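Engineer: Here is a sequence with its predicted model. Questions after.
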Amino acid sequence: MLTISADLRAKILAHARADHPDEACGVIAGRAGGNRPERFIPMLNAERSPTFYRFDSLEQLRVWREMDDRDEEPVVIYHSHTATEAYPSRTDISYASEPGAHYVLVSTRNQEQDEFRSFRILDGEVTEEDVTIAPE
Amino acid sequence: MAIEVRIPTILRSYTGGQKAVEGSGATLEEVFADLDGRYEGLRERLIDDSGVRRFLNVYLNDEDVRFLGGLSAPVSDGDTVTVLPAVAGGAR
């Protein structure tokens, strides 16, 4: 189960809406081993594409070092789909390589309706999990 | 000549759980070959026939090695090599 604050959930959705029709992506860092997303880090989509995303490699190095220095880890890795459902694609699954992370997908295909879902992706296997909104 | 190689979580099963290991060599390719002697199978997870695997980012100090000549990038004592899984995906 992913437990996340309403504020962080809203930040992910706002980032996805702002970058639409391109895919948006980012990380929420949290204390290592704590399983609690805390620090919102929107990332550049180096591909600037409506169907693909990739973290800029140098930005990723900087952010990952910063997390290391602060004893954090990427608790949530999020990205948006802009014309399809919020469910991991084959490409998402093949790249997924943080076994401890919650992979959050949102979809901006419907202007009126938010889609926000969370998954574990381990050895090519996708498991959807419940999302609980935590009190601030 | 020691070069520190930082290993991501997903590959630590090859290094007995260590976050960083030390290797030696004059190029990145030699360092990975050297590591493979002690951490069997690691090299194959890092590179394939075309160079650094598509799903990984490899950095020499602060640079992505793709901009430094890839596996033939020269390394020297005190350098740090960082391996991170590329974070990518998308609807298609």
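Structural biologist: Thanks, I have the structure now. Since the model is a prediction, treat every value here as computed from it, not as a measurement. Numbers count the residues shown, from 1 in each chain, chains lettered A, B, ... in the order given.

Engineer: From here on, just use CA atoms for contacts and neighbour counts.
Structural biologist: Will do.

Engineer: pretty sure residue A:104 belongs to a strand, no?
Structural biologist: Yes: assessed with DSSP: H, G, I helix; E, B strand; the rest coil, residue A:104 lies in a strand.

Engineer: can you list the residues of chain A near chain B?
Structural biologist: A:23, A:51-55, A:57-58, A:61, A:79-82, A:84, A:88-99 (CA under 8 Å from any CA of the partner chain).

Engineer: Out of the residues you listed, which sit inside helices?
Structural biologist: Mapping the residues of chain A next to chain B onto helices (DSSP state H) picks out A:57, A:58, A:61, A:90, A:91, A:92, A:93, A:94, A:95.

Engineer: Present the residues you listed as a markdown table; the columns should include pLDDT.
Structural biologist: Output for those, formatted as a markdown table (pLDDT from 0 to 100):
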| residue | pLDDT |
| --- | --- |
| A:57 | 96 |
| A:58 | 97 |
| A:61 | 97 |
| A:90 | 95 |
| A:91 | 95 |
| A:92 | 96 |
| A:93 | 96 |
| A:94 | 93 |
| A:95 | 93 |
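
Engineer: Nearest to residue B:51 among these?
Structural biologist: For those, the residue nearest residue B:51 by CA to CA is residue A:57; the value is 16.6 Å.

Engineer: for that closest one, what are its contacts?
Structural biologist: B:57, B:64, B:86 (CA atoms under 8 Å, 6 or more residues apart in numbering or on different chains).
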